[in-house]
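1. Sequence first, then the predicted structure, then my questions.
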Amino acid sequence: MSPPETDGPDDTASVDTWTIAAIHERITGMLSVAFGDPVWVEGEILEAFTSGAGHTYLTLADPDAPAVYGQQPQLSVTLWKGQRQRVERRLRAAGGAVELAEGIRVRIAGTLLTYSPQSRVQLRMIDVDPEFTLGVLGRQRAEVLEALHRDGLIGRNTTVPMPTLPLRIALVTSIGSAAHADAMHELEHSGVPFTVVEIDARTQGVQAVDSIIDALGVAAGLGVDAVLLVRGGGSATDLAAFDDERLARAVALFDLPVVAGIGHEVDRSIVDEVAHLSAKTPTAAAAALVEQAAWAIDRFEELAEAVTVAARRRLERAAARVELCAQRIANRSGRTLVLARSRVEDCDRRTGRAAQALLDRADTILTALDARARIHDPALALGRGWSITRTRDGSILTDASSVNEGETITTTLAHGSIDSVVGSTGS
């Protein structure tokens, strides 16, 4: 196959050749013509970074567009330091409720151009519409509240009983923040012996929701009485995590009472709506737990005093009854003792006479028995010349035929005894 025919070298001389810088310049001009200058762009801030020089760099994404290779369409945004001051004045003029933070939907204005060092399109920001962000937040808040009402979750955590004396507290907050310091100061200087378990969590930005939900999971396994969830004041965008539906559901369905102190007096988040108890500030939230515990301690002391007084009164009444009974017993005992003494003395006289008669009779009987015993005393018979002969085993010998020749016998006399050997026996 033959190669295609080409024009000679002179034919390419009439074709324009662009430099890369010229291409970027032409594209930038076309962007300006196509979209206008400035152009307003809507999106969600994925990343926000401010350099040491004071320039701010944002990555804006289209959360509603289909993902391409796992990511939504994105646009780089640059806010130079000089324009940043103008944008900040605009935000302050709107009440300071909006900040350029991660996870926030914004509507911003700027010039579309190419960034030639990286061959990409970017927006050089010059303005912001804070009312757009507030409107988005308001709509999202309304939708979340409607869903929570529909599912019966508003007030669900209030049905979880608060212990009468909550002393073991899990404090979920950004450790080291002003909210953390305020809550701890209130608890530590209350005079109540709290045990506080501090759990660190992100309370702002795109990671805040997951971080707080994870912290609640940790608290659930600690055996605490209640959870104190606090975050200091800030703009509406700073507190946006506390209007998130996932976090609100986690708090509403939590098995322990959650005491929330989010922002300042004017702030009211959806977490406040679903918590067991909501206070205006972190300090006020901690004070609510202090008040509950102090009330319980005072109540216990009152009950202890009442029990002591009641017991003392009962003891006094019992002592009075015992004294009265003792007096009655003493009176009755006196009369009984006199009568008993008389009866004892009478019995003594009667017993004395009967005993003497028995003794006299026993003496007579003993005298007769003694005389009879003397008559039968073997010593008297031996003294008159009688003797007693016994065999070897000590038996008294009364029959001569009961011994054999050669057997030894013993004869007892009045004075001494004689051993004899039987020579012969007769009948």
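-> Cool, the structure landed. Source: prediction; values computed, not measured.
2. Leaving out the residues flanking it, which one is nearest to Ala260?
-> Leaving aside its sequence neighbours, Ala260 sits nearest to Ala275 (Cβ to Cβ, 6 or more residues apart in numbering; 3.9 Å). Bear in mind the C-beta positions are built from the backbone N, C-alpha and C, glycine included.
3. So which residues of this structure form strands?
-> With DSSP state E as the criterion, the chain has strands at 39-50, 56-61, 74-79, 105-115, 120-128, 168-173, 195-200, 226-231, 258-262, 277-279, 388-390, 408-412, 417-421.
4. coming back round to it: ok, the residue nearest to Ala260 - contacts?
-> Contacts for Ala275 were tallied using Cβ atoms under 8 Å, 6 or more residues apart in numbering; they are Asn157, Leu229, Val251, Val258, Val259, Ala260.
5. What is the burial count for the fifth one?
-> Using other Cβ atoms under 10 Å, Val259 has 26 neighbouring residues.
6. And for Ile396?
-> Ile396 has 9 nearby residues by other Cβ under 10 Å.
7. how far away is it from His415?
-> From Ile396 over to His415 the distance is 19 Å, taken as Cβ to Cβ, to the nearest Å.
8. domains of the protein?
-> 19-128, 152-295, 380-421 (automatic domain parsing).
9. which one of the ones you listed lies closest to Arg361?
-> domain 380-421 (28.2 Å; Cβ to Cβ).
10. For that closest one, what does the pLDDT average out to?
-> For domain 380-421, the mean per-residue pLDDT is 78.
11. Would you mind confirming that Val77 makes contact with Phe49?
-> No: counting by Cβ atoms under 8 Å, Phe49 is not a contact partner of Val77; they are 10.8 Å apart.
12. any shared contact partners between these two?
-> What both Val77 and Phe49 touch, as defined by Cβ under 8 Å, 6+ apart, is the set Tyr57, Leu58.
13. Same drill for these two, tell me which one is more crowded.
-> Taking neighbours as other Cβ under 10 Å, Val77 and Phe49 compare with Val77 leading, 23 against 10.
14. Skip the chain neighbours and tell me the closest residue to Ala53.
-> Distances taken as Cβ to Cβ, 6+ apart place Lys81 nearest to Ala53, at 6.5 Å, with adjacent residues excluded.
15. what's the burial count for the one you found?
-> 12.
16. Same list (the strands of the chain) but as TSV, adding distance to Gln356.
-> Supplementary listing: the strands of the chain in TSV, determined by distance: least, Cβ to Cβ, whole Å:
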stretch	distance to Gln356
strand 39-50	127
strand 56-61	130
strand 74-79	134
strand 105-115	127
strand 120-128	133
strand 168-173	88
strand 195-200	88
strand 226-231	93
strand 258-262	98
strand 277-279	97
strand 388-390	43
strand 408-412	45
strand 417-421	48
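17. what's the closest of those strands to Val15?
-> strand 105-115 (23.1 Å).
18. can you list contacts of that closest one?
-> Here strand 105-115 makes contact (Cβ under 8 Å, 6+ apart) with 24, 27-28, 31-32, 35, 37-45, 60, 63, 76-77, 98, 100, 120-129, 132-133, 136-137.
19. And for stretch 189-196?
-> For stretch 189-196, with Cβ under 8 Å, 6+ apart as the criterion, the contacting residues are 167-171, 184, 187-188, 289-290, 293-294, 297.
20. Including distance to Ala357, pLDDT and neighbour count, could the residues you listed go into TSV?
-> As requested, the contacts of stretch 189-196 are exported to TSV (distance: Cβ to Cβ, whole Å; pLDDT from 0 to 100; neighbours: other Cβ atoms under 10 Å):
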residue	distance to Ala357	pLDDT	neighbour count
Leu167	87	94	17
Arg168	90	96	15
Ile169	95	96	24
Ala170	97	97	25
Leu171	100	97	28
Met184	101	96	20
Leu187	96	95	20
Glu188	97	94	12
Leu289	95	96	28
Val290	94	95	18
Ala293	89	93	23
Ala294	89	91	15
Ile297	84	86	16
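21. unless I'm mixing things up, Leu247 is touching Val209, no?
-> Yes: if you go by Cβ under 8 Å, Leu247 and Val209 touch, sitting 4.9 Å apart.
22. quick one: the helices in this protein?
-> Counting by DSSP state H, one finds helices in the chain at the ranges 20-35, 81-93, 130-150, 178-188, 208-220, 245-252, 270-274, 282-375, 378-383.
23. do you know which of those helices lies nearest Glu407?
-> Of all those, it is helix 378-383 that lies closest to Glu407, at 23.2 Å by Cβ to Cβ.
24. returning to that earlier point: which residues do Leu247 and Val209 both contact?
-> With Cβ under 8 Å, 6+ apart as the test, Leu247 and Val209 both reach Ala241.
25. count of residues packed around Gln204?
-> Gln204 - counted by other Cβ under 10 Å - has 23 other residues nearby.
26. same thing with Gly135?
-> 13.
27. got the buried residues for stretch 65-85?
-> Within stretch 65-85, the residues that qualify as buried by neighbour count (16 or more other Cβ atoms under 10 Å) are Gln72, Gln74, Leu75, Ser76, Val77, Thr78, Leu79, Gln83, Arg84.
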